[in-house]
Every structure is written in C-alpha cells, then in structure tokens.
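Student: here are the coordinates; sequence isn't available:
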C-alpha cells in the first residue's frame, strides 16, 4: 500500500515557536479566509484507500493544521498528520531530511519509493525526491502573485516544467490524471 502525503502551509521558525503559533497562526481569522472545499473533499474521497493512505505533512503546529483541515471540511479524510512539534526545542521541518524520516516512521512506511507526495514548495518536493520518495508532484499555482522579501513575485515564473523528473500541476484535480492508479474507477 502506498502513502499519499499532502504538504501545505509552511511556517517560519521563531525564538518561541509555541508563542509564534498562538500569536500568529492562532490569531489568524481563518474562518474568514478559508471555506469548506467540496472539490478537495471529493478528490480525497475518490482515492482508493485500499491503494493509498492519506496523510497531511505540514510545517505548522498541530493546532493550526487541524484547524485548517476542519475549516476546509476534510479533517476526516486525513488518516494521520505530521507536523512541526513546536514543544520540542529541536523540532525539524520540511525540507530537512529528519522531517521526512520522521514522517515515514510515524506512518509505518519502510520503503519511501512507495510514497506519493504533493507540496506547494519545490524545495520540499526536491528534498523528498532526493530521499527516494516515489512520485513527487509540485503544486504550483502559476500566475498568482506572492510577496517574498518585500518584493512581489509571480508564483511559478522561475519553475521549469518537469525539471528533475518532478511533475508540476496548477490544479489539485490534475492528480486524478497524474496518479490515476490511486483513484477509484
């Protein structure tokens, strides 16, 4: 059986990560920013659970991750959650190798080549690929704007399609084609 892991919502490290989580992630008005996502729910429901287990991998703390999953209406579709344990002063996060090793251990997976991984960070995807994770997909919403280092940047402008054998998608629905073997027929 394969492990399908979905990464999302990266967070920055701070001097006191628990304080950061409470004051930043915990204070975000997520209920005003996010809404239930029926299309995402349907996508996750259509994965054949005899072929893949679905886990969430995040650099956020567990409270923020669970809150996001609950608001999106998909919490019951995620079997397990791997998060940055801010209560541990030596916590690891994506794209550090220790994070991926811990994820495999927590999910009870010994062969990373059987893992399917989708993430919105190319660094996270490249790290998983380097560690032998099977099918790695970069979810890149080409054309959207973001702010990095105080400068506006177009998402995906510097990404070349399919570099390093990594599939790039702009809509999660494309996983039905890329990973057709995981979906119910």
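Tutor: Yes, it's here. Only a predicted model underlies this, so the values are computations on that prediction, with no experimental measurement involved.
Student: so residue 124 versus residue 184, what's the distance?
Tutor: Look at residue 124 and residue 184: by C-beta to C-beta, to the nearest Å, they are 28 Å apart. The C-beta positions use only the backbone N, C-alpha and C, and glycine is treated the same way.
Student: compare neighbour counts for these two and give me the winner.
Tutor: Neighbour totals were compared for residue 124 and residue 184, and residue 124 leads with 24 against 10 (other C-beta atoms under 10 Å).
Student: what's the closest non-adjacent residue to that one?
Tutor: Once flanking residues are discounted, residue 124 sits nearest to residue 94: 4.4 Å by C-beta to C-beta, 6 or more residues apart in numbering.
Student: in contact with the one you found: list those residues for me.
Tutor: Applying C-beta atoms under 8 Å, 6 or more residues apart in numbering, we find residue 94 in contact with 7, 10, 57, 59, 100, 119, 121, 123, 124, 127.
Student: what's the pLDDT at residue 158?
Tutor: Note on residue 158: pLDDT of 50.
Student: quick check: which element contains the residue nearest to residue 124?
Tutor: For residue 94, there is no host helix or strand (DSSP states H and E).
Student: and it, how far is that from residue 58?
Tutor: 8 Å.
Student: check residue 29 too.
Tutor: 19 Å.
Student: thanks a lot, see you next time.
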